[in-house]
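J.: need a structure here:
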Amino acid sequence: MFEKPGFEIRITTTETGSILRAQTEREVATKAESLIRRVHARGELIGFSIMGPSATEIGRIKAYLEDVLIEVAQLSI
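T.: A predicted model of the protein is given here:
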C-alpha cells in the first residue's frame, strides 16, 4: 500500500518559519489559512511556498491563500 503524496506549505515571516503538511488540499489550506490569520494579527509580513503532487492542486491552494492574504490586508485598513 502506497500513500498518496501529500502537500507541504512553508510559511515564512520576518520572525518565524513554519512547515505545514497534510495529505489533502483542503486540510493543508485550512492549516495555512489559520496560521496566516494569526501571523497577520501580529503585524508580520508573510511569504509562502507550496509543494504538492500536481501543478493544478498547487495552483488552487496558491489562489486560495492569495485571497486570504488580500482579505486580511483589507480587514486591517
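
J.: A strand includes residue 53, no?
T.: No. Assigned with DSSP: H, G, I helix; E, B strand; the rest coil, residue 53 falls outside any strand and is coil.

J.: Can you tell me, leaving aside adjacent residues, what's nearest to it?
T.: The spatially closest residue to residue 53, leaving aside those adjacent along the chain, is residue 5, at 4.4 Å (Cβ to Cβ, 6 or more residues apart in numbering). C-beta coordinates here come from the backbone N, C-alpha and C atoms, glycine included.

J.: Could you verify my assumption that the one you found touches residue 51?
T.: No. Counting by Cβ atoms under 8 Å, residue 5 sits too far from residue 51 to count as a contact (9.2 Å).

J.: When those two are compared, which one has more neighbours?
T.: Applying other Cβ atoms under 10 Å to residue 5 and residue 51 shows that residue 51 carries more neighbours, namely 14 against 11.

J.: mind listing what that one touches?
T.: Residue 51 makes contacts with 7-9, 58, as judged by Cβ atoms under 8 Å, 6 or more residues apart in numbering.

J.: In terms of pLDDT, where does it sit?
T.: Per-residue confidence (pLDDT) for residue 51: 98.

J.: if I look at it, how far off is residue 58?
T.: With distances defined as Cβ to Cβ, to the nearest Å, the gap from residue 51 to residue 58 amounts to 7 Å.

J.: Report the set of residues contacting both of these two.
T.: Residues touching both residue 51 and residue 58 by Cβ under 8 Å, 6+ apart: residue 7.

J.: still on that earlier bit, can you select the buried ones from the contacts of residue 51 in ChimeraX?
T.: What follows is the ChimeraX syntax selecting those of these that are buried according to 16 or more other Cβ atoms under 10 Å:
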select :7,9,58
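
J.: mind giving me a markdown table with the contacts of residue 51 and columns for secondary structure and pLDDT?
T.: As requested, the contacts of residue 51 are exported to a markdown table (DSSP: H, G, I helix; E, B strand; the rest coil; pLDDT from 0 to 100):
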| residue | secondary structure | pLDDT |
| --- | --- | --- |
| 7 | strand | 97 |
| 8 | strand | 98 |
| 9 | strand | 98 |
| 58 | helix | 98 |
